[in-house]
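[1] Sequence plus the predicted model coming up.
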Amino acid sequence: MPIRIPSAGTLLNSHDLLKALSGLWHHHSHTFQAMLRTRLGKSYIIVVNSGTTACYISLKAIAASRTSRREVVIPAYTAPSITLPIKKAGLIPRLCEVSLDTLNMDPARLEEVIGPNTLCVMPVHMFGLPCDMDAIRKALPDKEMIILEDAASSFGSKLGNRETGALGDIGFLSFNRGKNLSTMAGGCIATDETLMYEHMEREKQKLPVLGAIDQLKLWLKLIGLSAAVRPIGYTLLYELVKRYKY
């Protein structure tokens, strides 16, 4: 029987799985937050269940500071799901053309889409390749306009000596399946802005809490994925898992 090799995956051993199971009764989020603060060099880290939730909470906090503005500028080429938290927050996505050289937001085209109704600009580091954040900042007509940095797919990438996720006023990352750092599901927000942090914490408290049964289901998925990314497991489970993205 030919052995199939998965395109990507992080092998987990039994010790890793047992340690993950301990999360059902003991949370390690404070340790994780401390590590992220050190890594990103930001004063505040908020961990949530996904990068999408991190984006939503960030937008709610920004919208509360500028209630008359409703548009969020995003690159015209990006994951279509990024519009979901924007619309959920009651805001409007506005598309900015991308550079054909980088496929990231083109700073030279920002002036075409920024107007009096612009709430914030959200550069996305496509494929983990950093945007030219300095050029984006310089292109903003309103120097106090907030940059919400989408670093969902770029954890570990740097612009010079600076980590992506720490280059904007607020940055968010994803730790979902297939990301550079995966915790199966998860995300975080990084910022130095105290008022924004306080508002985001209040928004986080409104989120539903995952029950023990749902946590157990998540852990079982983790076991399944761990088996699926091993060559023998991938071979045996290929017909079942080939339909899924990760």
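    Received, thanks. Numbers count the residues shown, from 1 in each chain.

[2] can you tell me which residues contact residue 50?
    Counting by C-beta atoms under 8 Å, 6 or more residues apart in numbering, residue 50 touches 174, 176, 185-187. To be clear about C-beta, it is placed using only N, CA and C from the backbone, and glycine gets the same treatment.

[3] so can I have TSV of the residues you listed showing secondary structure, pLDDT and distance to residue 114?
    Formatted as TSV, the contacts of residue 50 follow (DSSP: H, G, I helix; E, B strand; the rest coil; pLDDT from 0 to 100; distance: C-beta to C-beta, whole Å):
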residue	secondary structure	pLDDT	distance to residue 114
174	strand	95	26
176	coil	85	30
185	coil	82	34
186	coil	88	32
187	strand	94	27
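
[4] buried subset of those residues?
    For the contacts of residue 50, a burial check counting by 16 or more other C-beta atoms under 10 Å picks out 174, 176, 185-187.

[5] Now those in CSV, please, with extra columns for distance to residue 106.
    Below are those laid out as CSV (distance: C-beta to C-beta, whole Å):
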residue, distance to residue 106
174, 24
176, 27
185, 32
186, 31
187, 26
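
[6] Moving C-terminal from the helix or strand of the chain with the lowest mean pLDDT, which element do we reach first?
    Every helix and strand of the chain was ranked by mean pLDDT, DSSP states H and E. The lowest is helix 14-21, at a mean of 69. Per DSSP states H and E, the first helix or strand lying C-terminal to helix 14-21 is helix 29-40.

[7] So what touches that next one?
    42-47, 163, 165-166, 171, 188, 190.

[8] so what strands line up beside the helix or strand that comes right after it?
    Where DSSP H and E defines the elements, the next helix or strand beyond helix 29-40 is strand 44-48. For strand 44-48, the paired strands and their directions (DSSP bridges) are strand 187-191 (antiparallel).

[9] thought residue 98 was touching residue 77?
    Yes - under the criterion of C-beta atoms under 8 Å, residue 98 makes contact with residue 77 at 4.7 Å.

[10] who's more crowded, the two?
    residue 98 (19 against 16; other C-beta atoms under 10 Å).

[11] what about residue 16, distance to residue 116?
    51 Å (C-beta to C-beta, to the nearest Å).

[12] So those two - more neighbours on which side?
    residue 16 (13 against 8).

[13] Helix, strand, or coil at the closest residue to that one other than its chain neighbours?
    Computed as C-beta to C-beta, 6 or more residues apart in numbering, the closest residue to residue 16 that is not its neighbour in sequence is residue 226, at 7.9 Å. Here residue 226 is recorded as helix under DSSP: H, G, I helix; E, B strand; the rest coil.

[14] Just give the number of residues close to residue 226.
    The number of residues packed near residue 226 is 20, by other C-beta under 10 Å.

[15] what does residue 158 give?
    Residue 158 sits with 12 neighbouring residues when counted by other C-beta under 10 Å.

[16] again, but for residue 144
    Burial measure for residue 144: 7 neighbouring residues, criterion other C-beta under 10 Å.
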